[in-house]
Structure formats: C-alpha cells, structure tokens
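got a predicted structure plus its sequence, pasted below:
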Amino acid sequence: MSEVTLVIEGMSCQHCVKSVKKAVDSIRGVTSSDVALGSAKVVFDESKTNRIEISKAVQDAGYKVKAE
C-alpha cells in the first residue's frame, strides 16, 4: 500500500469535502481516504491506481490539486 497527501485548492465547505471524498473513494484501488478542507490523505494499492489518477479525480470533481 502507498499513501499520498494532496493539497487541494477551492474547497470552502463540508459539501466540498464530501464531493472530494466521493470522487477519491470511487477510484479502484483506493482503500481509505481522510479528506478535510484543503487536503486529502489517500491510501491506495499502487498496482491498481496512482497519484496521477487520484489527482485527476479531484480535478474532475472541480478542485485544483496544488503541485508539491
């Protein structure tokens, strides 16, 4: 298992948190996520997904992932 913490811009309320969590949790290979305003800590199976796919799901939900 791998873990990544994303810094996310554009989140302003609990609805945003729920939207990001739903997007991240829907990815095949994600085993858990802890989403808060401005960030998401995601544990995933690296043989099924990767940081790029997780970031893309967040962006597709309407938020910007800040480059590390």
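The structure has been received and is ready for your questions.

for the residue nearest to the spatial centre of the chain, what are phi and psi?
Among the residues of the chain, the one closest to the centroid is residue 24, at 4.6 Å (Cα atoms, centre = their mean). Backbone torsions of residue 24, given as degrees, to the nearest 10, read phi -70, psi -40.

where's the spatially closest residue to it that is not a sequence neighbour relative to residue 4, distance?
Excluding its sequence neighbours, the residue lying closest to residue 24 (Cβ to Cβ, 6 or more residues apart in numbering) is residue 33, at 4.7 Å. Glycine gets a C-beta too; all of them are placed from N, C-alpha and C. According to Cβ to Cβ, to the nearest Å, residue 33 and residue 4 sit 10 Å apart.

kindly report the same for residue 17.
When distance is defined by Cβ to Cβ, residue 17 is 17 Å away from residue 4.

in terms of neighbours, single out the busier of those two.
For residue 17 versus residue 4, neighbours defined as other Cβ atoms under 10 Å are more numerous around residue 17 (18 against 15).

chain neighbours aside, what residue packs nearest to the more buried one?
Residue 17's closest residue in space is residue 35 (Cβ to Cβ, 6+ apart), at 5.2 Å.

and what of residue 32?
residue 43 (4.6 Å).

which SSE is that neighbour in?
strand 39-44 (DSSP states H and E).

wait, what's in contact with the residue nearest to residue 32?
1-3, 30-33 (Cβ atoms under 8 Å, 6 or more residues apart in numbering).

buried sites along the helix or strand harbouring residue 17?
Here residue 17, judged by DSSP H and E, is contained in helix 14-25. Residues of helix 14-25 classed as buried by neighbour count (16 or more other Cβ atoms under 10 Å): 16-17, 19-21, 23-24.

likewise stretch 56-68?
For stretch 56-68, by 16+ other Cβ under 10 Å, it's 57-58, 61, 63, 65.
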